[in-house]
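1. Starting from these lines, generate the structure:
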Amino acid sequence: HFDEQGHKFQNEFNGFETLRLGAILDLSKTSAELLAHPRVMEIADAVLLPHCENYRIGSSTGIEIYPGEFDQVLHCDDDFYPMRIPNVEFQMSAMWALDDFTLENGATRVVPGSHHSRKVEGINEDEVVQAVMPKGSVLYYLGSTVHGGGANRTTSPRAGLITTYSLGWLRQEENQYLTIPREVADSYPENVRRLMGYQAHGKYLGVYPDDPDNLWFNA
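-> Below is the predicted model:
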């Protein structure tokens, strides 16, 4: 899939030696085990549920960084939301290592504590740490945390799966209803369909009276 579709997301921000795939649940059934992993849900509950009645997948993206890629521009994942609410996190992210993440092959670069200021300019290299971790590990960070992909100085690509989880009353970054066919969504268990967005927020936000799943009024 990376070779077939990944090139269309290449640009100055994403990198020209990096391949990306969106709508992962349409491409990989086993990805649901990671997206809805109990530990991930536990962390998302703690971060997001104080500010909403339920949350959902904001986006799910496979990322493969190839040799020769440079450090990605440091950024916050929730930058596309046009406003901020003090002390409210809009998103939480989980980055799964599908290969070993090393200093040399592009392990994600993170600025600890940056969620307090969201400052992306003038960051010194000694403020940046890399998420070195073995295959199968997961890195959690807030949507307001400054981070970016690392440079790959090896001869092999490294792959990861990043999923963002957003407050249930926010618009999803990736439109799960259009990118994932309904018949594919129907093949997943209820908890995964809820994460995709097949539920209301509370009783009325996103209501659908003819809901075949009966998830909207039982949110």
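2. Pull stretch 60-77 out as PDB, backbone CA atoms only.
-> Extracted in PDB, the C-alpha atoms of stretch 60-77 (Å, rounded to 0.1, in the frame of the first residue of the first chain):
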ATOM      1  CA  SER A  60      -5.100   7.400  11.300                       C
ATOM      2  CA  THR A  61      -1.900   7.500   9.200                       C
ATOM      3  CA  GLY A  62       0.800   5.000   8.300                       C
ATOM      4  CA  ILE A  63       4.100   6.700   7.900                       C
ATOM      5  CA  GLU A  64       7.200   5.200   6.300                       C
ATOM      6  CA  ILE A  65      10.400   7.300   6.400                       C
ATOM      7  CA  TYR A  66      13.000   6.400   3.800                       C
ATOM      8  CA  PRO A  67      16.700   6.900   3.800                       C
ATOM      9  CA  GLY A  68      17.700  10.400   3.000                       C
ATOM     10  CA  GLU A  69      14.800  12.100   4.600                       C
ATOM     11  CA  PHE A  70      15.400  15.200   6.700                       C
ATOM     12  CA  ASP A  71      14.000  16.200  10.000                       C
ATOM     13  CA  GLN A  72      10.400  17.200   9.700                       C
ATOM     14  CA  VAL A  73       9.400  20.700  10.600                       C
ATOM     15  CA  LEU A  74       8.400  20.800  14.300                       C
ATOM     16  CA  HIS A  75       4.700  21.300  14.800                       C
ATOM     17  CA  CYS A  76       1.600  20.500  16.900                       C
ATOM     18  CA  ASP A  77      -1.000  18.000  15.600                       C
END
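3. all helices of the chain, in order?
-> Applying DSSP state H to the chain gives helices spanning 2-5, 24-27, 31-35, 38-48, 176-179, 182-186, 190-196.
4. Low-confidence stretches in this structure?
-> For the chain, applying pLDDT under 70 flags the ranges 1-16, 210-219.
5. 50 instead?
-> 219 (pLDDT under 50).
6. out of the helices of the chain, deepest packed?
-> Relative to the other members of the helices of the chain, helix 24-27 carries the highest mean neighbour count by mean count of other Cβ atoms under 10 Å, namely a mean of 20. C-beta coordinates here come from the backbone N, C-alpha and C atoms, glycine included.
7. Show me what it is in contact with.
-> Outside of helix 24-27, the residues that reach it under the criterion Cβ atoms under 8 Å, 6 or more residues apart in numbering are 1, 21, 31-32, 35, 60-62, 161, 163, 176, 179-181, 184-185, 188, 192, 196.
8. Touching, Ser114 and Leu142? I think so.
-> No - in this structure Ser114 lies outside contact range of Leu142 using Cβ atoms under 8 Å: 9.1 Å.
9. Which of those two has more residues huddled nearby?
-> Each of Ser114 and Leu142 had its neighbours counted (other Cβ atoms under 10 Å), and the higher figure belongs to Ser114 (21 against 18).
10. Quick check: closest non-adjacent residue to that one.
-> Nearest residue to Ser114 in three dimensions, chain neighbours excluded: Val146, at 3.8 Å (Cβ to Cβ, 6 or more residues apart in numbering).
11. Neighbours of that neighbour, how many?
-> Counted with other Cβ under 10 Å, the neighbours of Val146 add up to 24.
12. my guess is it meets Arg118, correct?
-> Yes - in this structure Val146 lies within contact range of Arg118 using Cβ under 8 Å: 6.9 Å.
13. Mind listing the shared neighbours of the two?
-> Overlap between the contact sets of Val146 and Arg118, as judged by Cβ under 8 Å, 6+ apart, is given by Cys76.
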